[in-house]
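quick one, fold the following:
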Amino acid sequence: MGEKLQWANWKNFPWLVFFVAIFIWIAIAGVNFYYQSQGGFTGTGPLFPISVIYPNQFLWSGSVFAFLFLWSGIFAFQYSERLNIYLLFLIAIVLVVLGNLSQGDFDIAFLQPFYLKGRQYYADAIHITDGSVWLRDFTKNLEHFQLHTKTHPPFVTLLHFWILNISNIETLAIVFFAIGCLSFPIFYKILGYLGFEESRRKWMLLLLAVVPSVNIYLLVSIDSLVLTSTLIFLLGLARIFSQNKIDVVSFLLICLGVILTNLMTFSGLFLFAFLGCISLYFISKGKWNFVWLSMMATVVFVLGFLLIYATTGYDHLDTFLRASHSENPDGFRLLHQPFVYLMTRLEDVGEIFLFMSFGFLAVFFSKKSGTEVFENRNNNILFFFFFSAISAMFVTGAYGTGETARACLFLVPYFLVLLKDIDADHFKMLFYLCILQTFGMQMIGNFYW
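Numbering: from 1, shown residues only. Sure, this is the predicted structure:
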């Protein structure tokens with residue numbers, strides 16, 4: 001592989017931005033750590049902006065898997081144009097598995113994220129005896145649950161219960177991972193609707209598998225399921241942009257994505273904010289199609305949860321309000337903890353950027369020729385309105401507990417679609433830097449809490 005490994009043009013890559021990004025991260029992290037060591041409170045973790053990290057055990061088996069991950073990723077990327085797309089799907093899945101096995105073994109990578117920390121949905125799911133009764137009484141028992149259970153809709157914990165009820169924790173891990181891996185073919189299809197060339201689509205598929213946030217959190221987190229459901233939503237939008245019309249299939253995909261996402265996380269409200277922003281944009285162009293689409297999707301969503309309420313007694317709105325209060329019990333943080341509010345907002349944004357990789361940041365913020373990321377109209381619309389929607393959520397105080405690299409895993413595709421027209425050499429260098437960063441992060445730390 002050595003003589004065939006042709007690195008991108010080193011000189012033309014935006015190294016200044018790359019190293020400035022690293023310097024800013026180290027500077028803010030250092031100031032934050034020093035301030036906390038002197039007794040100050042910022043509301044963030046000591047290793048800003050990483051909200052949760054545990055040191056790796058450095059098992060020899062983990063090192064072997066880590067180097068297999070690095071070698072396999074680079075090899076697959078070099079020969080991606082010659083590989084069948086179905087083989088590339090398999091390789092993408094293997095890259096996620098190998099990256100996580102860098103922790104040491106199957107138990108550490110697949111199972112411990114469920115049971116070890118004791119704050120997960122699993123800890124509540126194993127105590128459920130009757131799912132229907134538990135769901136009916138969920139809201140009134142909210143404060144007695146673990147942190148994750150009480151800040152999410154109950155269907156996440158019920159999914160754990162249903163799978164465990166017919167099998168075991170190993171099956172639970174495999175089912176979660178299998179659903180998360182559906183994101184690869186869906187993302188590949190989205191890229192086709194957005195006009196990506198075949199070779200670039202293959203590169204993008206491998207890049208998605210090695211982006212730090214995806215490689216780390218796709219394996220067994222509920223957020224990998226959310227990534228899949230939001231990609232179903234994005235698939236519907238991409239179809240509309242490609243066909244320049246709203247058809248039944250696109251509408252159903254959008255509704256399915258909205259409902260599935262909101263069954264698993266209150267962050268699903270992001271999709272409504274996103275639809276609202278797009279609707280306003282098209283109204284300014286004198287087009288009302290997206291307004292009707294958004295209204296109809298909202299009606300389907302409301303009817304769906306009214307049906308759930310009528311049949312189970314579960315009140316989604318009441319649960320959302322209680323969960324919001326549970327995460328911010330003193331109300332809007334800006335009013336009573338302005339400094340903590342500012343620092344946690346920086347943490348939220350910083351962690352997303354860090355887990356996208358410094359290589360991506362170098363391209364994203366560069367002005368060099370060949371790194372233009374805002375060259376495509378449809379991709380710009382998707383990115384800018386995703387940015388507007390998630391910014392609105394951050395401003396309101398969402399994600400007060402951090403770990404946005406995991407909780408906002410669904411944002412990764414909106415960043416990646418901007419890479420459609422960047423220079424091939426810059427894309428190659430971005431990929432190599434990205435996989436190297438993921439290799440290092442998987443070797444050094446465990447990021448589950």
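
so which elements touch the helix or strand bottoming out on mean pLDDT in the chain?
One helix or strand of the chain scores below all others by mean pLDDT, DSSP states H and E: helix 333-336, with a mean of 77. Here helix 333-336 touches helix 338-356, going by 3 or more CB pairs under 8 Å, 6 or more residues apart in numbering; DSSP states H and E. C-betas here are computed from N, CA, C, even on glycine.

same for the one helix or strand Val96 maps to, what does it pack against?
Using DSSP states H and E, Val96 falls within helix 85-101. Applying 3+ CB pairs under 8 Å, 6+ apart, we find helix 85-101 packed against helix 60-78, helix 169-181, helix 183-193, helix 198-210, helix 212-217, helix 424-444.

among those, which is nearest Lys285?
Nearest to Lys285, of all these, is helix 183-193, at 20.6 Å by CB to CB.

list the contacts of that closest one.
Contacts to helix 183-193, defined as CB atoms under 8 Å, 6 or more residues apart in numbering, come from residues 85, 89, 92-93, 200-201, 204-205, 208-209, 218, 224, 227-228, 231-232, 234-235, 238-239, 241-242, 413, 417.

tell me the buried residues within the residues you listed.
Buried members of those, counted by 16 or more other CB atoms under 10 Å: 89, 92-93, 200-201, 204-205, 208-209, 218, 224, 227-228, 231-232, 234-235, 238-239, 241, 413, 417.

poorly predicted segments of the stretch 101-250 of the chain, please.
The model of the stretch 101-250 of the chain has pLDDT under 70 over residues 118.

switch to 90 and redo it
103-104, 108-109, 112-113, 115-120, 139-140, 142-144, 146-148, 150-151, 219-221 (pLDDT under 90).

on that earlier part again, will you turn the helices and strands packed on helix 85-101 into CSV that also has distance to Ser391?
Shown next, in CSV, are these (distance: least, CB to CB, whole Å):
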stretch, distance to Ser391
helix 60-78, 32
helix 169-181, 26
helix 183-193, 23
helix 198-210, 23
helix 212-217, 18
helix 424-444, 24
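
what's the closest of those to Gly400?
Nearest of the helices and strands packed on helix 85-101 to Gly400, taken as CB to CB: helix 212-217 at 19.1 Å.

mind giving me the packing neighbours of that closest one?
By 3+ CB pairs under 8 Å, 6+ apart, helix 212-217 packs against helix 85-101, helix 222-243, helix 338-356, helix 404-407, helix 424-444.

the helices and strands packed on helix 85-101: which one's closest to Glu403?
Shortest distance between Glu403 and the helices and strands packed on helix 85-101, using CB to CB, is found for helix 212-217: 9.2 Å.

what does the closest one rub up against?
Outside helix 212-217, the residues that touch it by CB under 8 Å, 6+ apart are 95-96, 99-100, 208-209, 223-224, 227, 352, 354-357, 405-406, 409, 412, 434, 437-438, 441-442, 447.

repeat for stretch 101-112
Stretch 101-112 has contacts (CB under 8 Å, 6+ apart) with 56-57, 59, 61-63, 65-66, 69, 97, 100, 169-170, 173-174, 177, 219-220, 439, 442-443, 446, 448.

can you give me the buried ones in it?
101-104, 108-112.

can you get me the start-to-end distance on that stretch?
One end of stretch 101-112 to the other measures 12 Å (CA to CA, to the nearest Å).

gap between that stretch and the chain center?
Its chain's C-alpha centre and that of stretch 101-112 lie 20 Å apart, by CA atoms, centre = their mean, to the nearest Å.

same question, stretch 395-406
12 Å.

which strands and helices sit next to the helix or strand hosting Val133?
Assigned by DSSP H and E, Val133 belongs to helix 131-136. When contacts are defined as 3+ CB pairs under 8 Å, 6+ apart, helix 131-136 packs onto helix 155-166, helix 289-312.

quick check: buried residues in the shortest one?
For helix 155-166, the neighbour count (16+ other CB under 10 Å) marks 155-164 as buried.

may I see those residues arranged in JSON lines, with distance to Trp288 as well?
Formatted as JSON lines, the buried residues of helix 155-166 follow (distance: CB to CB, whole Å):
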{"residue": "Phe155", "distance to Trp288": "34"}
{"residue": "Val156", "distance to Trp288": "36"}
{"residue": "Thr157", "distance to Trp288": "40"}
{"residue": "Leu158", "distance to Trp288": "39"}
{"residue": "Leu159", "distance to Trp288": "38"}
{"residue": "His160", "distance to Trp288": "42"}
{"residue": "Phe161", "distance to Trp288": "44"}
{"residue": "Trp162", "distance to Trp288": "41"}
{"residue": "Ile163", "distance to Trp288": "43"}
{"residue": "Leu164", "distance to Trp288": "47"}
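
excluding its backbone neighbours, what's nearest Cys181?
Ile93 (5.2 Å; CB to CB, 6 or more residues apart in numbering).

my read: that neighbour touches Gly180, true?
No: using CB atoms under 8 Å as the test, Ile93 is too far from Gly180 to be in contact (9.4 Å).

may I have stretch 344-356 exported as CSV, CA atoms only?
Output of stretch 344-356 as CSV, limited to C-alpha atoms (Å, rounded to 0.1, in the frame of the first residue of the first chain):
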residue,chain,number,x,y,z
THR,A,344,-22.1,26.0,28.0
ARG,A,345,-23.1,27.5,24.6
LEU,A,346,-19.5,27.6,23.7
GLU,A,347,-19.1,24.0,24.9
ASP,A,348,-22.1,22.9,22.7
VAL,A,349,-20.7,24.4,19.6
GLY,A,350,-17.1,23.6,20.4
GLU,A,351,-17.8,19.9,20.9
ILE,A,352,-19.6,19.6,17.7
PHE,A,353,-16.7,21.2,15.8
LEU,A,354,-14.1,19.1,17.7
PHE,A,355,-15.9,15.8,16.8
MET,A,356,-16.2,16.9,13.2
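
model confidence over it, on average?
Averaging pLDDT along stretch 344-356 gives 93.

which residues are in contact with it?
Contacts for stretch 344-356 (CB under 8 Å, 6+ apart): 21, 25, 28, 42-45, 48-51, 211-213, 216, 333, 361, 364, 394-395, 399-400, 402-405, 408, 411-412, 415.

buried ones only from these, please, as a PyMOL command.
Buried subset of the contacts of stretch 344-356, written as a PyMOL selection, criterion 16+ other CB under 10 Å:
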select buried, resi 21+25+28+42+43+44+45+48+49+50+51+211+212+213+216+333+361+364+394+399+400+402+403+404+405+408+411+412+415
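
low-scoring pLDDT stretches of the stretch 301-449 of the chain, where are they?
Along the stretch 301-449 of the chain, segments meeting pLDDT under 90 span 320-338, 340-341, 344, 367-381, 392-407, 444-449.

enumerate every residue touching Asn446.
By CB under 8 Å, 6+ apart, Asn446 lies in contact with 53-56, 103, 108.

you'd agree Ser51 is up against Gly45?
Yes: taking contacts as CB under 8 Å, Ser51 lies within contact range of Gly45: 4.8 Å.
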